[in-house]
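Visitor: Need coordinates for the below:
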Amino acid sequence: MISCLQRVKAICLVLLFRNAFPGSSITPESLFEYLEMAIVGREYGKFTFNKILSLSLEHIANLGKLVGLSRDQMSYVRYENLESLTTASSIKQVPARLREISEISATEHNSFKYVKFGHLLMKPSDLLVTSLRRATPNFVTNLRVEAEITFIESTSLGLEELRDKIVFIENADPGYDWIFY
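Guide: Alright, predicted model coming up:
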């Protein structure tokens, strides 16, 4: 059932569309039918992808179980490692090779988890010395900020001048992606 407000919004969209494409026969009802089909199709695609991904991960966990490795141990085995096992000269080598890969990758992971970078990397030298801020941002204030607005898109190279600007970041996770100067 379409609410009155939804119908008004749809009529506005249809009018905009008809102005952009004269002679179009789109109606609010056909717009909603199209949107419903598009949303259902998108959700079905996401469901199917996640189902296949989950089944694949379950098969990898079962392979680990067959050779005596836990799920945690198998989490260190990369897809490329699994692909390389298909060319192993003997099936008898697979369990030992999986154990070796898992142990090496776990060691690498454990050594890198202590490496800390700053919250904002703008130039190569930011990787050498960083200062980590103890404060975490919050955006609750009674103050007012006025400044030029700049947009950073996902394809951006990060070369924009950001000083004294309000920054909008495409696909930013609110409260996590933040910039301070």
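
Visitor: for stretch 93-102, the distance to its chain's centre please.
Guide: Distance, stretch centre to chain centre, for stretch 93-102: 31 Å (Cα atoms, centre = their mean, to the nearest Å).

Visitor: mind listing what's buried in that stretch?
Guide: 94, 97-99, 101-102 (16 or more other Cβ atoms under 10 Å). Placement of C-beta: from N, CA and C, glycine included.

Visitor: What of stretch 57-76?
Guide: Those would be 60, 63-64, 69, 73-76, for stretch 57-76 by 16+ other Cβ under 10 Å.

Visitor: Need the phi and psi values for Phe168.
Guide: Phe168 has phi and psi values of phi -110, psi 130 when expressed as degrees, to the nearest 10.

Visitor: Chain neighbours aside, what residue packs nearest to it?
Guide: Among residues not flanking Phe168 along the chain, Phe151 sits closest, at 4.9 Å (Cβ to Cβ, 6 or more residues apart in numbering).

Visitor: Am I right that the one you found sits in a strand?
Guide: Yes. Judged by DSSP: H, G, I helix; E, B strand; the rest coil, Phe151 forms part of a strand.

Visitor: mind checking how far the nearest residue in space to Glu161 that is not next to it in sequence is from Ser111?
Guide: Using Cβ to Cβ, 6+ apart and skipping residues adjacent in sequence, the residue nearest Glu161 is Thr150, 7.8 Å away. Distance of Thr150 to Ser111, computed by Cβ to Cβ, to the nearest Å: 38 Å.

Visitor: Relative to the whole chain's centre, how far out is stretch 107-120?
Guide: 20 Å.

Visitor: That stretch - what's its average pLDDT?
Guide: What stretch 107-120 shows for mean pLDDT is 80.

Visitor: now stretch 59-74
Guide: 94.

Visitor: and the one helix or strand Arg42 maps to, what other elements does it pack with?
Guide: According to DSSP states H and E, Arg42 maps onto helix 28-66. Under the contact definition 3 or more Cβ pairs under 8 Å, 6 or more residues apart in numbering; DSSP states H and E, helix 28-66 sits against helix 4-20, helix 71-74.

Visitor: Tell me which two of the buried residues of stretch 57-76 sit farthest apart.
Guide: For the buried residues of stretch 57-76, the farthest-apart pair by Cβ to Cβ is Leu63 and Tyr76; their separation is 13.6 Å.
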